[in-house]
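1. no sequence on this one, just coordinates:
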């Protein structure tokens, strides 16, 4: 009869390997937010910004997904793209929300150039083995109908081309509440952050599943 010590000694390497892959699987459940000031928490503490609140919410619910905020205020699509490889290597996310392009649009950058940078970001995320989630960005109407339409059209075109989910622009909900806006009428204030976190949770939760296909649902 084989004694317990012999069985344990024979199975120990397998158990160690199983434990290693379990830890890897848990660590892989990471959502990276690659954004600008709308996600970075402009003029507020980092723990007040919606990605931090979303992370707290999911942790309390034992959601199993960690939210990493890789957003920097003022970033253009080019700057976000430049930071992306290091973020992918460091956090090895399973999903990446790309919330970029607003600063490009506010500065009147050519839409084809913005589209190229966002396209490169999507491709990099896919090549890393992660799932890109693209957020629709819209500009204020005072930028002119022709430009704003060309800018807005970038996002659904990319979502269709690469078969990635297109998240609605959360600021369209925030603009409806003047008390949620900062004095510059561009950025949400701390009062808006809990709403954004809840709203993003409702948008993201159906998409953040390992078995969701790359061509997940698309929203207008």
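-> Sure, I can see it. Owing to the predicted nature of the structure, the values given are computational and were not obtained by experimental measurement.

2. Counting neighbours, what do you get for the nearest residue to residue 85 once chain neighbours are set aside?
-> Closest residue in space to residue 85, ignoring its immediate chain neighbours: residue 124 at 6.7 Å, by C-beta to C-beta, 6 or more residues apart in numbering. C-beta here means a position set from N, CA and C on the backbone, and glycine is covered the same way. Residue 124 has 18 neighbouring residues, counting by other C-beta atoms under 10 Å.

3. Which of the residues in the strand or helix carrying residue 124 are classified as buried?
-> Residue 124 is located in helix 111-127, with elements delineated by DSSP states H and E. Residues of helix 111-127 classed as buried by neighbour count (16 or more other C-beta atoms under 10 Å): 111, 114, 115, 117, 118, 119, 121, 122, 124, 125, 126.

4. any idea of the mean pLDDT for it?
-> Mean per-residue pLDDT for helix 111-127: 98.

5. One more: stretch 144-159?
-> Per-residue pLDDT over stretch 144-159 has a mean of 97.

6. helix, strand or coil for the residue most central in space within the chain?
-> In the chain, the centroid-proximal residue (C-alpha atoms, centre = their mean) is residue 97; its distance is 1.9 Å. Assigned with DSSP: H, G, I helix; E, B strand; the rest coil, residue 97 falls in the strand class.

7. where does it land on pLDDT?
-> With respect to pLDDT, residue 97 has a value of 98.

8. Distance of it relative to residue 140?
-> As for residue 97, its distance to residue 140 is 22 Å (criterion: C-beta to C-beta, to the nearest Å).

9. so what secondary structure elements neighbour the helix holding residue 124?
-> The contact analysis (3 or more C-beta pairs under 8 Å, 6 or more residues apart in numbering; DSSP states H and E) places helix 111-127 against helix 77-91, strand 95-99, helix 102-106, strand 131-135, helix 145-162.

10. Turn the ones you listed into CSV, columns for distance to residue 54.
-> As requested, the helices and strands packed on helix 111-127 are exported to CSV (distance: least, C-beta to C-beta, whole Å):
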stretch, distance to residue 54
helix 77-91, 16
strand 95-99, 10
helix 102-106, 19
strand 131-135, 13
helix 145-162, 21
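
11. Nearest approach to residue 37 belongs to which of those?
-> Judged by C-beta to C-beta, the one of these that comes nearest to residue 37 is helix 102-106, at 7.8 Å.

12. Pull the residues that contact the closest one.
-> Contact with helix 102-106 is made by 36-38, 74-78, 113-114, 117, 137, 139, 143, 147-148, 151, 186, as judged by C-beta atoms under 8 Å, 6 or more residues apart in numbering.

13. Which of the helices or strands spans residue 198?
-> Element membership for residue 198 (DSSP H and E) is helix 193-204.
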